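> Here you go, sequence then predicted model.
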Amino acid sequence: MRRGRLAAKTILIERDYIPLGEFANLIETRIFPIFRPKMQHPQDVTNRNKLYSIVNHAKMVWISEAIALDPFHTKTFFWIDAGFSRFLRKEHYSRPFPSTWTALNMLISSNRAFVSVARASYEDLNLSRELQLTDVVGTNKNFVRGNFWGGHCDAVRKLAAQTLAIFFDMLSRDMIDNEQVSLFLAYRKQPELVSLHKIESESRSFDYIASE
């Protein structure tokens, strides 16, 4: 998809383990039995597969590794799920990425990361309203979209670290949920890192960065 000075180049980071995988046994043998009865959707994959939440949160480790490597000497980094490709409109495959630099320049100048809102309500996003971990964890709700997000490397790194801190806080309290919950709570803790946008569909998340 890239042209000219942004010609495509792939850097493979090979590992023989999943980051945070050491917690899989804890999740299966302790957290599931304790917390599953308190979950809103106990049959959700998050609450049935011991590795699901671990892989969700491993994204934060992987993108931090990429930032440390800085293979392209760039100020911006984005996480994109492999499965996100089904949301891309066909025209994106035949034109330069990005087609304009408006959104990227905004993220660079403001030192922020782009995160799109999914099912978070106005009340959820109201920072003056106090939210406890127990108000959110166990809902399995996609408050924000974790399949495509990113921006200025400093903001992404700090947001990833905050998301992991929340994940560890969950585990310490015998709780579990997906990274879209943790990322949302990370935003609430450090809103200065985030350029939050209400996006009506998955494809528009990519459109915003690619062509705004």
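Everything's here; your move.
> for the protein, what spans make up the strands?
With DSSP state E as the criterion, the chain has strands at 76-80, 113-117, 148-152, 194-198.
> got a list of contacts for the second one?
Read it as strand 113-117. 103, 107, 125, 143-145, 148-152, 155-156, 159, 183, 187, 193-199, 204-205, 208-209 (CB atoms under 8 Å, 6 or more residues apart in numbering). Yep, even glycine has a C-beta here, placed from its N, CA and C like the rest.
> Just the buried ones from these?
For the contacts of strand 113-117, a burial check counting by 16 or more other CB atoms under 10 Å picks out 103, 107, 125, 143-145, 148-152, 155-156, 159, 183, 187, 193-196, 199, 205, 208-209.
> Would you mind measuring from Pro37 to Asp177?
In this view, Pro37 and Asp177 are 15 Å apart by CB to CB, to the nearest Å.
> And for Gln132?
Distance check for Gln132 against Asp177: by CB to CB, it reads 14 Å.
> ditto for Val45
12 Å.
> Give the residue from those two that has the larger number of neighbours.
Asp177 (27 against 11; other CB atoms under 10 Å).
> how about the nearest residue to that one once chain neighbours are set aside, what does it touch?
Spatial nearest neighbour of Asp177, excluding adjacent residues (CB to CB, 6 or more residues apart in numbering): Val137 at 4.7 Å. Residues near Val137 by CB under 8 Å, 6+ apart: 170, 175-177, 181.
> next one: phi and psi at Val137?
Dihedral pair for Val137: phi -70, psi 130, per degrees, to the nearest 10.
> Can you read off the pLDDT for it?
According to the prediction, Val137 has pLDDT 97.
> Next, the distance between the ends of stretch 79-97.
One end of stretch 79-97 sits 15 Å from the other (CA to CA, to the nearest Å).
> Kindly apply the preceding question to stretch 95-107 instead.
End-to-end distance of stretch 95-107 (CA to CA): 22 Å.
> Show me which residues of it are buried.
Residues of stretch 95-107 classed as buried: 98, 103-104, 107 (neighbour count, 16+ other CB under 10 Å).
> these two touch, right, Pro191 and Asn126?
No: judged on CB atoms under 8 Å, Pro191 makes no contact with Asn126 at a distance of 11.2 Å.
> need the contact list for the most centrally placed residue in the chain.
In the chain, the centroid-proximal residue (CA atoms, centre = their mean) is Gly146; its distance is 3.4 Å. Residues in contact with Gly146 (CB under 8 Å, 6+ apart) are 56, 59, 79, 81, 178-180, 183.
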